[in-house]
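>>> Have a look at this fold, sequence not included:
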């Protein structure tokens, strides 16, 4: 019975990690690790290989950095300023509280647009930078989904093979 409860908790952790893509206040990597550690400490301490743990550390670093890199890259690529990049990062967090999950897309778009306009950019340049923040968020979200799926699949392969 306890094994079933632990497996349910592990699955809930994995599901919550995907919720963290839409709600950045849920720390996706941490929630994934809680699932891994629940299995390790309470179900089978010998099952997960050292290659698994090294792989998870590596993928966790990429997972954390991917969001920052994608957002910064696309805002910059679409002509945004450094302030636009910074405001986009903060606006993603603020947006998760305002009309979730849509606020996470709308608030950064508006915030980057306003920031670029305040810096006396043209309307076209400001809209272009805002589109860059949107593409950056979507690119980062896609990368997170792929990385988290790889981590979860790797976990199950390590457990069952």
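Received the coordinates, thanks. Given the structure is predicted, the values throughout are model-derived calculations rather than measurements.
>>> Can you tell me what sits against the helix or strand of the chain with the lowest mean pLDDT?
The weakest-scoring helix or strand in the chain, judged by mean pLDDT, DSSP states H and E, is helix 82-95 (a mean of 84). Residues outside helix 82-95 that contact it (C-beta atoms under 8 Å, 6 or more residues apart in numbering): 24-25, 68, 71-72, 75-76, 80, 103-108, 110-112, 115-116, 119, 129, 133, 136-137. In short, each C-beta sits where N, CA and C put it, glycine included.
>>> Could you count how many residues lie near residue 144?
22 (other C-beta atoms under 10 Å).
>>> Start at 404, not 1
Yes, from this point I'll number from 404; that puts the last item at residue 547.
>>> check contacts around it.
Residue 547 touches 424, 431, 466, 469, 470, counting by C-beta under 8 Å, 6+ apart.
>>> just those now: which is nearest residue 544?
residue 424 (5.1 Å; C-beta to C-beta).
>>> Look up how far residue 469 lies from the closest one.
Counting by C-beta to C-beta, to the nearest Å, the gap from residue 424 to residue 469 is 11 Å.
>>> And residue 406, by the same measure?
Distance from residue 406 to residue 469, by C-beta to C-beta: 34 Å.
>>> now the longest helix belonging to the chain: mean pLDDT?
Identified as the longest helix of the chain according to DSSP state H is helix 526-563. For helix 526-563, mean pLDDT rounds to 92.
>>> when you compare where it runs with where helix 485-498 runs, what's the angle?
If you take axes from the mean of the first three to the mean of the last three C-alpha atoms, to 10 degrees, helix 526-563 sits at 60 degrees to helix 485-498.
>>> can you tell me which residues contact the residue nearest to residue 558 when sequence neighbours are not counted?
Closest residue in space to residue 558, ignoring its immediate chain neighbours: residue 439 at 6.2 Å, by C-beta to C-beta, 6 or more residues apart in numbering. Residues near residue 439 by C-beta under 8 Å, 6+ apart: 451, 459, 558.
>>> Would you mind giving those as a markdown table with distance to residue 544 and neighbour count added?
Putting the contacts of residue 439 into a markdown table (distance: C-beta to C-beta, whole Å; neighbours: other C-beta atoms under 10 Å) gives the following:
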| residue | distance to residue 544 | neighbour count |
| --- | --- | --- |
| 451 | 27 | 18 |
| 459 | 20 | 20 |
| 558 | 21 | 21 |
